[in-house]
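*Asks:* this is a predicted model, with the sequence first.
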Amino acid sequence: MSVLDKLLPEFFIKVDREVCIKCGQCVKNCGFSALMQDKDKNVKPIHEKCVACQRCMYICPTKAIQIIKFPGTQKHNDYWKPEYIKNIKKQANSGGILLTAAGNDKPYPVIFDRLLLDACQVTNPSIDPLREPMEIISYLGEKPIDISLEFRDNKYVLKDNIKPNIKLNSPIIFAAMSYGAISLNAHKALAKAARECGILMNTGEGGLHKDLYEYSDNIIVQVASGRFGVSPEYLKRAAAIEIKIGQGAKPGIGGHLPGYKVDNEVSSTRMIPKGTDALSPAPHHDIYSIEDLAQLIASLKETVDYSKPVGVKIAAVHNIAAIASGVARADADYIVIDGFRGGTGAAPAMIRDHIGIPIELAIAAVDDRLRKEKIRNKVSIVAAGGIRHAADMAKALALGADFVTIGTVALIAMGCTLCQKCYTGNCSWGIATQRPELVERLNPDEASKKLINLIRGWSLELKEIMGALGINAIESLVGNRERLRALELSRETLEVLGVKPAGR
Amino acid sequence: MVTIDAMNMDSKQLNKKIKESIRQGHKEIKIINVLGQRFIGNGIQNSDLKITIYGTAGNDLGMFMDGVNIELFGNAQDGVGNTLNSGTICVHGNAGDVVGYAARGGKIFIEKNVGYRVGIHMKEFENNVPVIVVGGSAGSFLGEYMAGGILVILNIDSPKVMKADAIGTGMHGGKIYIRGDVNINNIGKEVVVLDIDDNDYEILKNILSEYGSKFNYNAVELLKDRFIKIKAISHRPYGNLYAY
């Protein structure tokens, strides 16, 4: 190996010999093999392999381990950042596409952080959520413009046939993450929590494992271009079906699960040969137009006897409003719009970090357009990609979304420390891995409890926020931009967002 | 046996009628006067049901189907056997684009020609090996991203050197058999063209006798002619695409 092939470590593992009791837990727990023990049981770090997943730091009983940035440094340069130099060297070594995982971490301005929720005072008073009922139950699916009732058997009944809707106790959906990208235990935790909370989880494009069949009522199944695991059984075992066209982290890019992750279980769940790459290119080769999309939607509806909502997931890109309008007219029941901060198990770094637009702008543009075209009732809008807390959720709803999805948030609740190495399959936390000894670290019951707590916390916070805004029903929050004010955003951005500057 | 007259019915009505007949316990359904109605047989799971269709079937015939035996006397449009799970579809005529997209089981027999993107994303899984046989010629993008299964193009009454372009791009499993030859410039860089061996001959003999019995002639005779096999170089053609 020439010195040109070498890369400097990104992190430095400091082991405090004075404190270390040589128990070896850190060595066992590192999925990336960055720690070893010599014959005297002394812990030896291999700094080059460390990704700062922090598992060793959490596990060490005596807190003898510290992960710090590699102390060696290049000459200071604000333009040629160390990351860029490392990437250039990596590519010079392999000639490949730089791969990365999790969400876009570049310092683009965050619009959510420049939007403030306005509050009520005496003229229109706020509401006390501890005393007054706050309605956050949300329905996924097409809503009728009006309904007519009939008096029959001493009660009023609906006269019209309403398209299928799913009732969710909170406007939150666990984002699409496939079995393959994440472990079966992680999937089980999500499904369990979704059922417990009365919300939905999404299988992503990885098929539906038999162990999840019992959670059918709380599962959205995805149909992507590779059609992995898509069978009549799969479609019938779901509460809703979602056609995946695009993904925020990699708009215009398909999925690619490397063959080494396709073990027996993944192979039988995806219904593909073991050990082969699972290729799911961006275009569905039976969809080349809105008419083709309409046909796939119709075909899926026909397959499940029009009993379930069929949604479409698209990435937030330029012209998103026109695209969403087409999707709504193609008879989708809901549209997921995934912003450029959406997470991923693996994506080319250049695509993840430089393609797509922020979810805030996309949601506002779509809601606005659909209202102007008088078809807003035809679809539920789901904002996805980069929602971090309940206030982001409330802001997304005020901009025009009916629901938000949470992916990265759910993973963090289950233990993820955002080391961004999901694509290696070595996740020390047992989440983004198929290695049996790592997968078993994630206890589905324990992880689902964390998720349940999280959904409860966010739901309570949403109610508090609504109270402050003087709103007692979620429908009154959706698209209510009067409840938002912007701080230091350009006139053009405000125009797209439809939000007034703070002070007006 | 029940007969449904599809005249003046839209797709939704026709499919409702078919499902009703299945619920009533009919094992054989005959549909006449089909004029482009879509989604016939979609998502039906039934291993001893036979549907016979007279007329021109519309798009997505037998999509997501699991176990049904469909025989169509007439032409089919796009998406025959799209994401087929199992079952048999036999078309006495031509079919359009995307035949057998992502099929992971079952058999599709097309008597005459097919359009573009046939057998794309076809897979195989455990004992499920989908088979598509086309009597005539096929358009470009044949068997792209194929991960398994068997695709046979017989080129009866067609030029013996296929004109289709981008055959087997991204292919990483399965086999394409062609009666005749391909131009080396028209195949994806992920595949190789080989002569068939004894094992292939046996596979083809079985498939062609089944194909022949569907259309009532001795298709095995065709094996006297030259056949080639296209298969993937690697199960992981893009394994070296990334810098880790």
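*Replies:* Received it, and whenever you're ready, just let me know what you need. Model, not experiment: these values are computed from the prediction.

*Asks:* show me what from the stretch 1-150 of chain A comes close to chain B.
*Replies:* A:90-91, A:93-99 (Cβ under 8 Å from any Cβ of the partner chain). In this view, the C-beta of every residue, glycine as well, is placed from N, C-alpha and C.

*Asks:* repeat that with 7 Å
*Replies:* Contact residues, the stretch 1-150 of chain A versus chain B (Cβ under 7 Å from any Cβ of the partner chain): A:90-91, A:94, A:96-99.

*Asks:* from those residues, which ones fall inside strands?
*Replies:* Among the residues of the stretch 1-150 of chain A next to chain B, the members found in strands (DSSP state E) are A:97-99.

*Asks:* report the contact partners of the residue in chain B positioned nearest to chain A.
*Replies:* With Cβ to the nearest Cβ, the shortest gap between chain B and chain A falls at residue B:43, namely 3.0 Å. Contacts for residue B:43 (Cβ atoms under 7 Å, 6 or more residues apart in numbering or on different chains) come out as A:232, A:235, A:303-304, B:64-65.

*Asks:* for those residues, give me TSV that also has neighbour count and distance to residue B:128.
*Replies:* As requested, the contacts of residue B:43 are arranged in TSV below (neighbours: other Cβ atoms under 10 Å in any protein chain shown; distance: Cβ to Cβ, whole Å):
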residue	neighbour count	distance to residue B:128
A:232	21	14
A:235	20	18
A:303	25	19
A:304	20	22
B:64	30	15
B:65	34	13
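
*Asks:* what about the residues you listed, which are in helices?
*Replies:* The helices, defined by DSSP state H, take in A:232, A:235, A:303 from those.

*Asks:* closest to residue A:61 among these?
*Replies:* residue A:235 (48.7 Å; Cβ to Cβ).

*Asks:* next one, pLDDT for that closest one please.
*Replies:* Looking at residue A:235, its pLDDT reads 96.

*Asks:* could you do the one 5 residues further on as well?
*Replies:* Here, the pLDDT recorded for residue A:240 equals 98.

*Asks:* buried ones among the residues of the stretch 1-150 of chain A next to chain B?
*Replies:* A:90, A:98-99 (16 or more other Cβ atoms under 10 Å in any protein chain shown).

*Asks:* contacts only, for residue B:27.
*Replies:* Counted by Cβ under 7 Å, 6+ apart, residue B:27 has contacts B:48-50.

*Asks:* the helices in chain B, which residues?
*Replies:* Under DSSP H, chain B gives helices at B:11-23, B:198-215.

*Asks:* what's the spacing between the residue of chain B closest to chain A and residue B:31?
*Replies:* 17 Å (Cβ to Cβ, to the nearest Å).

*Asks:* repeat that for residue B:153.
*Replies:* 29 Å.

*Asks:* likewise residue A:338?
*Replies:* For residue A:338, the distance to residue B:31 - Cβ to Cβ - is 41 Å.

*Asks:* so for stretch A:281-299, what's the average pLDDT?
*Replies:* The model assigns stretch A:281-299 a mean pLDDT of 95.

*Asks:* ok now it, how far from the chain's centre?
*Replies:* 23 Å (Cα atoms, centre = their mean, to the nearest Å).

*Asks:* now swap in stretch A:273-288 and tell me
*Replies:* Going by Cα atoms, centre = their mean, the spacing between the C-alpha centre of stretch A:273-288 and its chain's C-alpha centre is 21 Å.

*Asks:* with stretch B:192-206 instead?
*Replies:* 19 Å.

*Asks:* helix/strand/coil for the closest residue to residue A:167 other than its chain neighbours?
*Replies:* Counting by Cβ to Cβ, 6 or more residues apart in numbering or on different chains, residue A:167 lies nearest to residue A:139, which is 5.8 Å off, once chain neighbours are set aside. At residue A:139, secondary structure determined by DSSP: H, G, I helix; E, B strand; the rest coil is strand.

*Asks:* distance of residue A:139 relative to residue A:160?
*Replies:* Taken as Cβ to Cβ, the span from residue A:139 to residue A:160 is 15 Å.

*Asks:* same question for residue A:300.
*Replies:* 23 Å.

*Asks:* compare the two and say which is more crowded by neighbours.
*Replies:* residue A:300 (23 against 11; other Cβ atoms under 10 Å in any protein chain shown).

*Asks:* contacts only, for the more buried one.
*Replies:* A:223, A:235, A:241, A:310.

*Asks:* so the second one makes contact with residue A:301?
*Replies:* No - Residue A:235 is not in contact with residue A:301 according to Cβ atoms under 7 Å; the separation is 10.1 Å.

*Asks:* chain A contacts on chain B?
*Replies:* Residues of chain B lying near chain A (Cβ under 7 Å from any Cβ): B:15, B:39, B:42-43, B:45, B:59-60, B:63-64, B:66, B:79, B:82-83, B:85, B:98, B:101-102, B:104, B:117, B:120-121, B:123-125, B:145, B:147-148, B:170, B:172-173, B:235-236, B:238-244.

*Asks:* partners of the helix or strand that contains residue A:243, with directions?
*Replies:* Per DSSP states H and E: residue A:243 is located in strand A:240-244. Strand A:240-244 has its sheet partners listed here by DSSP bridges as strand A:219-223 (parallel), strand A:310-315 (parallel).

*Asks:* picking up where we left off before, okay, residue B:153 and residue B:31: which has more neighbours?
*Replies:* More crowded of residue B:153 and residue B:31, by other Cβ under 10 Å: residue B:153, with 31 against 26.

*Asks:* okay, now the domains of chain A?
*Replies:* Per the TED database, the structural domains of chain A span A:3-96, A:170-501.

*Asks:* which of those sits most buried?
*Replies:* domain A:170-501 (a mean of 22; mean count of other Cβ atoms under 10 Å in any protein chain shown).

*Asks:* first-to-last residue distance for that domain?
*Replies:* From its first residue to its last, domain A:170-501 covers 29 Å (Cα to Cα, to the nearest Å).

*Asks:* cool, stretch A:329-349 as well?
*Replies:* 34 Å.

*Asks:* ok, stretch A:295-314 next?
*Replies:* Rule used - Cα to Cα; the end-to-end distance of stretch A:295-314 is 17 Å.

*Asks:* ok, stretch A:265-275 next?
*Replies:* End-to-end distance (Cα to Cα), stretch A:265-275: 11 Å.

*Asks:* which residues sit against that stretch?
*Replies:* A:179-180, A:184, A:206-207, A:209, A:228-229, A:231, A:259, A:262-264, A:278, A:434, B:104, B:123-125, B:147-148, B:173, B:235.

*Asks:* now swap in stretch A:122-139 and tell me
*Replies:* A:119-120, A:165-171, A:402-403, A:459, A:462-464, A:466-468, A:470, A:472-474.

*Asks:* so of these, which ones are in strands?
*Replies:* Per DSSP E, the subset of the contacts of stretch A:122-139 in strands is A:166-168, A:403.

*Asks:* which strand or helix spans residue A:488?
*Replies:* Going by DSSP H and E, residue A:488 is not in any helix or strand.

*Asks:* burial count for the closest residue to it other than its chain neighbours?
*Replies:* Spatial nearest neighbour of residue A:488, excluding adjacent residues (Cβ to Cβ, 6+ apart): residue A:114 at 6.0 Å. Close neighbours of residue A:114, defined as other Cβ under 10 Å, add up to 17.
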